[in-house]
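1. sequence? don't have it. structure:
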């Protein structure tokens, strides 16, 4: 009889241990699921103003580089063409197309398009003054076209001076052959991002 009682107590003890271990596991699994749910992906920025598609053509980036950027809420595709020096007096023509799938880079591009070209909540430059007399040479140039339901909503051109760079307070001053621009630093960040597409 005594033996029977001892065996019964031991069996109950093991049963409780297993149940406790099981509960601990369940808590651990639930905790893991909660942590995974909290780690949300970055917010995806969309084109504003009911614009469905943006096309950007950039010329004379990094010297002779050109690119076409096709932007929608679903995809950003870039085609880049430039000439690369291989040896002295020998050049390679590069023509490549790629998808921009980096979310931060994608959001930066669309945010900049919204700010400077669609909503125009930010100025590209704060001031432009006549600087030098001369012809317009090969300075970086951006043409932005916006489309909705296949119809062109607007077309805007931006020429970018890239000589005699200097910083003045919250502005970046650069010139082309005719004008002196006091650029918005936010726009220059956008320009540098576009330039990096050609340099990749």
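-> Received, thanks. What you see is a predicted model; the values in this text were computed from it and never measured.
2. low pLDDT regions in the chain?
-> Under the criterion of pLDDT under 70, the regions of the chain flagged as low confidence span 1-42, 62-64, 84-91, 131-138, 162-177, 200.
3. Break it down into its domains, please.
-> Per the record's domain assignment (automatic domain parsing), the chain is made up of the domains 1-33, 53-199.
4. how far does the longest one stretch from start to finish?
-> So that's domain 53-199. Between the start and the finish of domain 53-199 there is a gap of 25 Å, counting by Cα to Cα, to the nearest Å.
5. what sits against residue 193?
-> Counting by Cβ atoms under 8 Å, 6 or more residues apart in numbering, residue 193 touches 105, 108, 109, 112. To be clear about C-beta, it is placed using only N, CA and C from the backbone, and glycine gets the same treatment.
6. Let's verify the last one: helix, strand, or coil?
-> What that stands for is residue 112. Secondary structure for residue 112, judged by DSSP: H, G, I helix; E, B strand; the rest coil, is helix.
7. The spatially closest residue to it that is not a sequence neighbour: neighbour count?
-> Sequence neighbours aside, residue 190 is the residue nearest to residue 112 in space, at 3.9 Å (criterion: Cβ to Cβ, 6 or more residues apart in numbering). Residue 190: 20 surrounding residues under other Cβ atoms under 10 Å.
8. give me phi/psi at residue 190?
-> Residue 190 has phi and psi values of phi -60, psi -40 when expressed as degrees, to the nearest 10.
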